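Participant: Test case, fold it:
(one chain, ligands or ions: 2)
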Amino acid sequence: MKIKMLAGKTIEINVDLVKERAKCNFNIREVTHILDGGEKNTIQRKKIEDISLNDGQSRDVIPEEYLSPKERYENAVKKSCIYARIIKTELMNMTGLETLGFNSPVFRRIADAYFKEVTPLLAHFGMFVPTIMGQCTPEQLAHWLPRALNFEIVGTYVQTELGHGTFIRGLETTATYDPQTEEFVLHSPTLSSYKWWAGGLGKTVNYCVVVAQLYTKGVCHGVHTFIVQIRDEETHMPLPGIRVGDIGPKMGYNTGDNGFLVFNHHRIPRENMMMKNAQVLKDGTYVKVARHEKLTYGTMVYVRVMLVNEMAFNLAKAVTIAVRYSAVRRQSQPKPNQPEPQVLDYLTQQHKLFICIATAHALQFTSDWLYKTFTSVLADIRDDKIDTLPELHALSSCLKAICTSDCAAFIEICRFACGGHGYMASSNLSMIYSYVSATRTYEGDYTVLLLQTARFLVKAWEQVEKRRPVTSTISYLSHAFDKLKKPWDGSNEGIIRAFQRVAAGKISACINCIRYHQKSGKDFEDAWQLTTIQLVAAAEAHCRAVIYDTYYNETIRLTASSSPNVKSVMEQLCTLYLLYWSLERTGDLLRFTSLSEKDIFDLQQRYEKMLAVIRPNAVGLVDAFDIRDEILNSTLGAYDGRVYERLMEEALKSPLNAEPVNSSFHKHLKPFMQGKL
Ligand SMILES: CC/C=C\C/C=C\C/C=C\C/C=C\C/C=C\C/C=C/C(=O)SCCNC(=O)CCNC(=O)[C@H](O)C(C)(C)COP(=O)(O)OP(=O)(O)OC[C@H]1O[C@@H](n2cnc3c(N)ncnc32)[C@H](O)[C@@H]1OP(=O)(O)O
Ligand SMILES: Cc1cc2nc3c(=O)[nH]c(=O)nc-3n(C[C@H](O)[C@H](O)[C@H](O)COP(=O)(O)OP(=O)(O)OC[C@H]3O[C@@H](n4cnc5c(N)ncnc54)[C@H](O)[C@@H]3O)c2cc1C
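Facilitator: Ligands and ions are numbered 1, 2, ... in the order given. Predicted coordinates for the structure are as follows:
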């Protein structure tokens, strides 16, 4: 079927997708505006997408998969320069982008049209610039920031070493102050101290932020950050005292030239220590400026916050692909003499996919809320108030852990939902998955971050026991001492309260376990270690309770003035989310609430009915993510649904199809088959 598009271009659209779009009962644009944070943002996003994508500069003629690793990297550098030039010259000055700068989600979105994997400048945008902004004195900022924003220098964030990633205090790289020359001497004393992993370090950057143990006057003051030039600005050759290179192939991020870095008594000026939080004076005197020593870890908190948004977007991409494909794909014959149904009509397929749509909404709203919390804590810190930092650290840690982990799991489900074709590289699902699965590890491993949140929760519990006030995200703990279990209430509010009870119950169980071990002679550290499986589970339960509460309240707030059908489809998704997790966690609910077998039956019925209610709007809901084909980059997920045509077009691009017979036939296969080898 042919339809005329707004831009005046006529394109052919799969007939099933046309029917799906006709069934949609809500205003798609309105939902897009809600997800973008307002109509103004949508208009600006579209303008930016037009400016940066309409000239076609982002597109590769040959799919990246057929290039060698070296060619892929070089191609990524070429495209990075086009991408960065557009951002610098055409987009950065647009109003409304000042606060997020380079890391505006809009720039992030368009990056996917340029890079199948990642840009080697990802850490420049995402970490180097933010560290300069967060860790420099005003004088240092005036020197470094314009150079970095103008791309006169490109940098990365070099923290992890071969021997240590998680345990930052265990890093071995040293920065020893020499008052004679007013320089720091950077050194890698052991193999395990070699820097490892930083994005763009291998071949791209000429500067980096290095995290190293600071020594002055013979005393170690712990880890601090330094701006270090590693390559000549003109020739790009590594400077004397620097050994640097690429760490080799990975599961993903292969255009990201993650690198290693070894220092051999490399000297940098004293002024290159980032001195907002601590200073070393000319004579070597160490001066602590910040009131909280973990402010040095600020970049990590920032990136953890940004990653929640990143997860919402990646899941939106994956589920757009899977839902459109499921509307086009027909398979099997459940009833004799009936046509094959669209696979989207199978209840099990709806179970796989609608939770992914709901999760993308949940993560988007949670991420917007977390970002606001983050900016408000930053404002507190600027006013020298640091008491809100622990809650932000606890929140950003658990949300980063759960959102990255859920997102990876649901993207894999989107791939399963696309059957064999989902396994094709051209579906783009494998690339999205390999990108997202790394986020569970980097910027703080899943388990390690949940244990950070658990520390906060255990302390909070002790406050509640003493009847002291606690902060808003854990205020539910004060109800944990109510003796009577309330009757099960399956309303949305009731489910949220039930999960808060689960979280409180799990934290209480951890406290009992720690105290039990202490009573039997263990010190606190050992008792803690013996409780860590439960502590991780308690932090997860707390995090999920925060997400449920935020998703529910934000849905009500954001749809308060929406049209009735938009309000109702958004609420349906939120209810679906709560029902899904209730059914996933029946064990917890049976343990900590008065949920009965009959209630579980009712939950299941309501859940399945909700899938049926959402079904006619499924394609409309993924259309509302409004992700351009260039950004989706998928044979299965394009707006027009020309799935089989695109799969065939892509197959024909394989270099193996350039000749009818491959030379290996004559060289190896034929002699082998004829018994001559
Ligand atoms: C083209 C694209 C355009 C734009 C891009 C835009 C968007 C994308 C955004 C970002 C993507 C950018 C780049 C992505 C690509 C890859 C990047 C990857 C980078 C990295 O991985 S960098 C390395 C990250 N490393 C880690 O995260 C290590 C994890 N470890 C830690 O954080 C700490 O060591 C740990 C585990 C917290 C322990 O630290 P430590 O031993 O020092 O502390 P204690 O356990 O003793 O705790 C003491 C005390 O301090 C509290 N605390 C710990 N951390 C913090 C903190 N950060 N803030 C506040 N407080 C903290 C802790 O809870 C304790 O408190 P208590 O005593 O219990 O009160
Ligand atoms: C794609 C990618 C990009 C990266 N980019 C950068 C970068 O730009 N800059 C940079 O500095 N680093 C970067 N990293 C490194 C990354 O930050 C670390 O790999 C990450 O923080 C995990 O640390 P680790 O590798 O030391 O894991 P480990 O800590 O060794 O983890 C191994 C296992 O031990 C467990 N474990 C560790 N400690 C504890 C504990 N206390 N309690 C219980 N379990 C524990 C973990 O849960 C995990 O299961 C990147 C990594 C990847 C994969």
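
Participant: how about the closest residue to Tyr548 other than its chain neighbours, what does it touch?
Facilitator: Excluding its sequence neighbours, the residue lying closest to Tyr548 (Cβ to Cβ, 6 or more residues apart in numbering) is Ile496, at 4.8 Å. All C-beta spots, glycine's among them, are computed from the backbone N, C-alpha and C. Taking Cβ atoms under 8 Å, 6 or more residues apart in numbering, we find Ile496 in contact with 545, 548-549, 552, 578.

Participant: How much space separates Ile496 from Val546?
Facilitator: The gap separating Ile496 from Val546 is 10 Å, by Cβ to Cβ, to the nearest Å.

Participant: so what's Thr176 closest to, chain neighbours aside?
Facilitator: Nearest one to Thr176, counting by Cβ to Cβ, 6+ apart, is Tyr215 at 4.3 Å.

Participant: can you tell me how far the one you found sits from ligand 2?
Facilitator: Distance of Tyr215 to ligand 2, computed by Cβ to the nearest ligand atom, to the nearest Å: 21 Å.

Participant: Neighbours of the residue in the stretch 501-650 of the chain that ligand 2 sits nearest to, how many?
Facilitator: Relative to ligand 2, the nearest point of the stretch 501-650 of the chain is Thr532 (6.3 Å; Cβ to the nearest ligand atom). Residues near Thr532, counting by other Cβ atoms under 10 Å, number 14.

Participant: you'd agree it is up against Leu451?
Facilitator: Yes: between Thr532 and Leu451 there is a contact under Cβ atoms under 8 Å: 6.3 Å.

Participant: follow-up on the earlier one: let me see the contact set for the residue of the stretch 501-650 of the chain closest to ligand 2.
Facilitator: 451, 454.

Participant: Show the backbone phi and psi for it.
Facilitator: phi -60, psi -30 (degrees, to the nearest 10).

Participant: repeat for Trp197
Facilitator: phi 110, psi -30.

Participant: re earlier: between the contacts of Ile496, which has the most around it?
Facilitator: That'd be Leu578 among the contacts of Ile496, by other Cβ under 10 Å, with 27 neighbours.

Participant: how many other residues sit next to the nearest residue to that residue once chain neighbours are set aside?
Facilitator: Take Leu578 and drop its neighbours on the chain: the residue closest to it by Cβ to Cβ, 6+ apart is Ile495, 4.5 Å away. Residue neighbour count, defined by other Cβ under 10 Å, stands at 24 for Ile495.

Participant: So Phe260 belongs to a strand, correct?
Facilitator: Yes: Phe260 forms part of a strand when assessed by DSSP: H, G, I helix; E, B strand; the rest coil.

Participant: ok, now which ones touch it?
Facilitator: Contacts of Phe260 (Cβ under 8 Å, 6+ apart): 162, 194-196, 201-202, 243-247.

Participant: Is it bridged to anything, and to what?
Facilitator: Beta-bridge partners recorded for Phe260 (DSSP bridges): Trp196, Gly245.

Participant: now the residue nearest to Thr176, what's its secondary structure?
Facilitator: strand.

Participant: Based on its surroundings, how many neighbours for it?
Facilitator: So Tyr215, with other Cβ under 10 Å, has 19 neighbours.

Participant: Check the one 3 residues further on too.
Facilitator: Applying the criterion other Cβ under 10 Å, we find 7 residues in the vicinity of Gly218.

Participant: What of Thr586?
Facilitator: Thr586: 15 surrounding residues under other Cβ under 10 Å.

Participant: Where does the prediction get shaky in the stretch 251-400 of the chain?
Facilitator: For the stretch 251-400 of the chain, no stretch is flagged by pLDDT under 70.

Participant: For it, what lies in contact range of ligand 2?
Facilitator: Those residues of the stretch 251-400 of the chain that sit near ligand 2, judged by Cβ under 6 Å from any ligand atom, are 253, 258.

Participant: where along the stretch 251-400 of the chain do the strands fall?
Facilitator: Counting by DSSP state E, counting those that start in this stretch, the segments of the stretch 251-400 of the chain that form strands are 259-263, 266-269, 278-280, 286-288.

Participant: what about Ala509, is that helix, strand or coil?
Facilitator: Ala509 ends up helix, using three-state DSSP.

Participant: Nearest spatial neighbour of it, chain-adjacent residues omitted?
Facilitator: Ala509's closest residue in space is Gln534 (Cβ to Cβ, 6+ apart), at 6.1 Å.

Participant: for Gly637, same thing?
Facilitator: The nearest residue in space to Gly637 (Cβ to Cβ, 6+ apart) is Ile321, at 3.0 Å.
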